[in-house]
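Trainee: okay, here's the prediction I keep looking at, along with the sequence it came from:
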Amino acid sequence: MEEAGIVVRLPDWWSARRPPRPQVQVLLGERPQSELGLDTLLDFQVDLTLDGEILTDDERRELLASSDGLVLFRGKWVEVDRQQLQQALDHWRKLQREHAGGLSFIQGMRLLAGTELDETDVAAER
């Protein structure tokens, strides 16, 4: 097919692991605390990763500016759905800004479980 001028791009589908895809990673409570308890505020960090490695700002911009489908990135073909990736980043970054001072343990667990927080939830925890 290559001799005929046809280029075929495939991710590593035959590998036992999942095909490489950028993912939004949310970390809670990475900063060491002086004391632990239900009232302890947890830090909140959102990153874009590929194969567990955090992407730099330039790499993130490059991926989000690329076309959908397969993109040659860091020497391998990566599946990219820009719209889905951007929506996930926007959602978690918005929550990160809203809770810049940190999250309670209960709020953090609710967010990671996919539950929305509203003002009545926050007031009920106090």
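Mentor: Looks like it came in fine.
Trainee: show me the helices in the chain, by range?
Mentor: With helices called from DSSP state H, the chain shows them at 57-65, 82-98, 105-112, 119-125.
Trainee: which strands or helices does the first one pack on?
Mentor: In this case it means helix 57-65. Counting contacts by 3 or more Cβ pairs under 8 Å, 6 or more residues apart in numbering; DSSP states H and E, helix 57-65 packs against strand 44-50, strand 69-73, helix 82-98. Where you see a C-beta, it was placed from the backbone N, CA and C, and this is true even at glycine.
Trainee: centre-most residue in the protein?
Mentor: The residue lying closest to the centre of the chain (Cα atoms, centre = their mean) is Val24, at 0.8 Å.
Trainee: wait, which of the helices and strands packed on helix 57-65 is closest to Ile106?
Mentor: Evaluated with Cβ to Cβ, those place strand 44-50 nearest to Ile106, the distance being 13.8 Å.
Trainee: neighbouring strands for the closest one, and are they parallel or not?
Mentor: Strand pairing for strand 44-50, determined by DSSP bridges: strand 22-28 (antiparallel), strand 53-54 (antiparallel).
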